[in-house]
Structures are given as structure tokens and as C-alpha cells.
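Student: have a look at this fold, sequence not included:
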């Protein structure tokens, strides 16, 4: 979305500057010549990455949807486990931005724009981009770039300064030429370093794709797809290609590496097949038949995976859109213009757009047909329940939510949908049930602001004011309002009615937050709500006297 582009640019520029300043203050930067790992410790990288994500959330730039998040996490962690550094922690998130881009932040934080998901034709292509960004993290390219820039810039700057001093008495443009030449040389060295990083990330990313069971050719296909978008848009270059320049040679190299991996994998499969001919399988079946059965099962899984990707792509397209009615019009027009556009995935996207546009009756019709055509697809069941809830059929919708939660226990999307339906009753018993649903999920997903917000409201309705206050503070923290979060907890700590365990828990959280808030202050960052758009200020409860009623509104664009 173009309205977010200046803000995102500002945030990412600030992130780049803060990377250089992250060790300033009490800790000195390493001397020139130190290893890249010495630029920032792993704990510093983790804190830095988390602060960037929270800051992005504070501007409403992060698309926090449990279904999309779990899907992205599934792809990301499958790749990370097959990569060079499976010991690293990775966090994957989706940007509410239709620019085509993806990026990595120190600490293993990888952001993927909704615009990138929208243009990828298959899951393997999306996996290729994520694998490329994982390689940037595992190979410490961000830290190496900073260290390399320090090494290159200082001697060039000194030489440039000397040349300017030597020519200071002359009347020609020698001094200006020295300045321009030195600046150009620094920029060229940065470009060269970036190109070497990109080549290395391609190579490692392709290997990771193959190890994780994805198509290694997808890296070249992804680059080709991005180039196709560039040609369609004329001179408009996707943001990803500006930071990850692609040429014909790079695409050819990616395809060549994939072919080599394919050939090696084919040799291994042929060897396995030859051995299996003489080896009876369980039940008397010969090895080749078993091999064929396994291949068929793999093909079925691949087909199901691709179908699910198509659904997730349309969900991303709709939830990232700035106008629900415009998206509904987009689907309606394409249904009329092209028969090939009409698929279960696009009908699902159309229904989601209708829900967001407050046309629940029409959405219900679309989703009823989808459920009848594929009653085993839980995404259709969930969307139908949401449409029914918006249409005023709360009891019927809650029953559907309940069925989904029972069929898929532990799934945060379905549990959160049921919990929110229970919270909407504003009664003690349903709120206590919502608490029991959300509590185990919070242990698994403590950094999910939607879970924290719903849990806070459930605790408040059930009379657990202390837990509610703690959860509201976590909501503020996760949405980039660190000062506000710390202030809420300090107010809570002053209450005399806290028991020993509650006070110990609150004090521990204050101790955890305080150093990071102090660091933010030293860096001159404002983590409170100052200057944020009013529509982004989410349900902050006054902890000193918890409000009797708290709105349960979701983030912008949510279906809940």
C-alpha cells in the first residue's frame, strides 16, 4: 500500500542506522579487523530484531493473521531446519504492503510483503525467496556488510580528505572531483559486497530448497516471475529487485545449480530403485511397487500443498488490501472477464472480501457453495462461521467454531475464533472458557498480540484483573509502545492486593523490560503512542482502574 511506503522507508532507514549504533553507549564497537560475529552478540541481535518487529507493528505495517502466520512459519521452519544453521531461532512475519519485497533483520527476523506472496505462482517460489533470506541470516551477511563498510570507508575517506587538502589552494575542480571519486568508490565497494552476498545466498538457498523437499528450480522461476512483473509494469522495478538485483546471468546460474542438484537426486533415486527390486517389501509387495506408492503419496501431498498455497495467497491479497469493497470489485470483474479466473481459491478470496465489506449475506452464499463442494476444507468452514457471525447468527456460528476447535485442537486460528465468540457474550462462564482455550496457546505463541489482547479481555470479564493488566501490558509492548507497557506494569506493581506469586511475576517482567526501555531512551526512540494515527491505538486499558468495558476490535483488516 502506497500510503505506508514513506513510513516503512523511515522505519527501515532507522533500523539500518540503529544497527550501526546498537553497540554504542556502554559498549564499544569492535576494532577494524574483528569478525562479523563480534559486531553484535546473538542476544543483542535477538533484542534488536524484536524491537524492529514491534516498531513495524506500531505503524500498522504487520499483518498479524494466525492462519497466514502459521502457514509462513511452516514453510520458514521447514527451510531453516534444512539449512546451514538449524540451531538459530527464526521469526517470520508478513508485511501489510503490496510492494513486492522481502527482507531480513538481525536476530533471524524475516519479513515477507503481501505483494510478494501475491505474485508468486506456486509455493516453491515463495519458499525460494524465504530460503534466500534465511541464507542472508545464516551467513551473517548483514553483520559482514556493516563490518566491511567500516573497513572500506575509513581508508577511502582518509585518502579523499588528503586529496582535498592537497588541492585546496587550486582554482580548478580538483577538490570536488576527489570528493565525487571517493564517494563513488565507497558506493561501488558496497555494491560489490552486496553482489557477492546475493550469489552466496542464491547458492545456499537452492541447496536448502532441495534438502527441504522443495523444487530447487523455484529460485530461478521466482526471479523470472519478478522480472515478468517488471516488464508488465514498464519502468517500475519491484522493491525486491532494487535490493536484490537480478540479471540474465544470475537466473541462468540459479537454473544451472538446480539442474546439477536434480541430476544428483536422480542418481540417488535410481540407485534406491535398483536396490529395492531385489528386496521384498512389507506384505509381500516388491520394492519398486512400494517406491511407486510412496511417489504417488508424495504427489498427492504436493497437490494438496499447492491448493492450500492458492488459498493462502488469496487470503493475503484480501487482508493486505486497503479497501475491502475495491477487492470485492476486483474479484467480481475478473469472474466476468475470464472463466479461468474462477477457482475455489478466488471464490474464497471473494468471500473474504465480502465479509470485510460488510456484505455478510452475499459472503454466506459464496461460502455455503464452497463448503458443499469441499466439506473437509476447514478454511471454508471458518470463513462461513465468520460470515454467519457477521450476519447475526451467533449461536450457529459459535457451534461451527466449536466443531473446528474440537477437530483441530491446538490450532490458534480456530481456538482464537471460538474464544472471541465466547468473549462477545460478555458473561463470566464463557469468558472463563475462553481463558482456558487461550492460556496454553500463549505459552506457545507469547509474541502474538491478538492472543494477548483476547486473553486480556477474557481475564477481565472473568474477574482476573491482575492477569488482564499483565496481558494488556504485553499488547502494548508487542505493538511498539515499550514506555507504555513498562508504565502499566509499574502501576500494577504498586497495588497492595497482589499476592506473592503475582508480584514476583510482575517484578520479573519489569526487570526484563527496563534495560530495553532504557536502551530505547538512550537511542532517542519514542516507543509511546506519540504521533501514531488514532486508528492504530489498540484497546489500551487503564491499569490503575481497569475499564469496565474494553472494545474487542481487531487489527485493521482482520476478519475477527
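Tutor: It's in. None of these values were measured; they are calculated from a predicted model. Residues are numbered from 1 along each chain as shown.

Student: which stretches in this structure count as strands?
Tutor: Along the chain, counting by DSSP state E, strands occupy 91-95, 102-105, 109-113.

Student: mean pLDDT lowest for which of those strands?
Tutor: Note on these: strand 102-105 shows the lowest mean pLDDT, a mean of 89.

Student: in the sheet, which strands lie alongside that one, parallel or antiparallel?
Tutor: strand 109-113 (antiparallel) (DSSP bridges).

Student: between the partner strand and strand 91-95, how many degrees?
Tutor: 30 degrees (axes from the mean of the first three to the mean of the last three Cα atoms, to 10 degrees).

Student: out of the strands of the chain, which is the most enclosed?
Tutor: Highest mean neighbour count of the strands of the chain: strand 109-113, a mean of 25 (counted as mean count of other Cβ atoms under 10 Å). Any C-beta I mention is one placed from the backbone N, CA and C, and that applies to glycine too.

Student: ok, residues contacting that strand?
Tutor: Residues outside strand 109-113 that contact it (Cβ atoms under 8 Å, 6 or more residues apart in numbering) are 49-50, 52-53, 56, 72, 76, 90-95, 97-105, 126, 129-130, 133-134, 137, 239.

Student: what about 7 Å?
Tutor: Contacts with strand 109-113, where a contact means Cβ atoms under 7 Å, 6 or more residues apart in numbering, come from 49, 52-53, 72, 76, 90-95, 97, 99-104, 130, 133-134.

Student: now stretch 201-217
Tutor: 78-79, 82-84, 124, 127-128, 131-132, 134-136, 139, 141, 218-219, 250, 254-255, 257-258, 261-262, 265.

Student: and these, which are buried?
Tutor: Buried subset of the contacts of stretch 201-217 (neighbour count, 16 or more other Cβ atoms under 10 Å): 78-79, 82-83, 124, 127-128, 131-132, 134-136, 139, 141, 218-219, 250, 254-255, 257-258, 261.

Student: from residue 341, how far out is residue 505?
Tutor: With distances taken as Cβ to Cβ, to the nearest Å, residue 505 is found 53 Å from residue 341.

Student: what's the answer for residue 410, then?
Tutor: 35 Å.

Student: do residue 507 as well
Tutor: 58 Å.

Student: next one: residue 78
Tutor: According to Cβ to Cβ, residue 78 and residue 341 sit 30 Å apart.

Student: residue 258 now?
Tutor: Taken as Cβ to Cβ, the span from residue 258 to residue 341 is 30 Å.

Student: repeat for residue 499
Tutor: 60 Å.

Student: more neighbours, the two?
Tutor: Comparing residue 499 with residue 341 by other Cβ atoms under 10 Å, the one with more neighbours is residue 341, at 13 against 9.

Student: report how many residues lie close to the closest residue to the more buried one other than its chain neighbours.
Tutor: Leaving aside its chain neighbours, residue 341 sits nearest to residue 334 (4.4 Å; criterion: Cβ to Cβ, 6 or more residues apart in numbering). Residue 334: 14 surrounding residues under other Cβ under 10 Å.

Student: for residue 461, same thing?
Tutor: Neighbours of residue 461 under the rule other Cβ under 10 Å: 24.

Student: in this structure it contacts residue 431, no?
Tutor: Yes: between residue 461 and residue 431 there is a contact at 3.5 Å, judged by Cβ atoms under 7 Å.

Student: for residue 503, what are its contacts?
Tutor: residue 493.

Student: distance check, it against residue 310.
Tutor: The spacing between residue 503 and residue 310, counted by Cβ to Cβ, is 51 Å.

Student: now swap in residue 332 and tell me
Tutor: The value you get for residue 332 to residue 310, if Cβ to Cβ is used, is 19 Å.

Student: please say which of those two ends up with more neighbours.
Tutor: residue 310 (18 against 13).

Student: pLDDT at the more buried one, what is it?
Tutor: 96.

Student: next: residue 81.
Tutor: 94.

Student: state the phi and psi torsions of the closest residue to it other than its chain neighbours.
Tutor: Nearest residue to residue 81 in three dimensions, chain neighbours excluded: residue 212, at 7.3 Å (Cβ to Cβ, 6+ apart). Backbone torsions for residue 212, taken as degrees, to the nearest 10, come to phi -80, psi 0.

Student: so for residue 212, what pLDDT did the model give?
Tutor: Looking at residue 212, its pLDDT is 93.

Student: low-confidence bits of this structure, can you list those?
Tutor: 1-39, 144-194, 230-252, 262-301, 525-560 (pLDDT under 70).

Student: try it again with 90
Tutor: 1-49, 51, 83-87, 99-101, 104-107, 136-203, 219-305, 516, 519-560 (pLDDT under 90).

Student: which residue packs closest to residue 48, ignoring adjacent ones?
Tutor: The nearest residue in space to residue 48 (Cβ to Cβ, 6+ apart) is residue 106, at 5.3 Å.

Student: residue 397 touches residue 385, doesn't it?
Tutor: Yes: between residue 397 and residue 385 there is a contact under Cβ under 7 Å: 4.7 Å.

Student: higher neighbour count, the two?
Tutor: Shown here are residue 397 and residue 385; by other Cβ under 10 Å, residue 385 has more neighbours (25 against 22).

Student: residue 124 versus the more buried one, what's the distance?
Tutor: For residue 385 relative to residue 124 (Cβ to Cβ), the value is 32 Å.

Student: again, but for residue 360
Tutor: Counting by Cβ to Cβ, the gap between residue 360 and residue 124 amounts to 36 Å.
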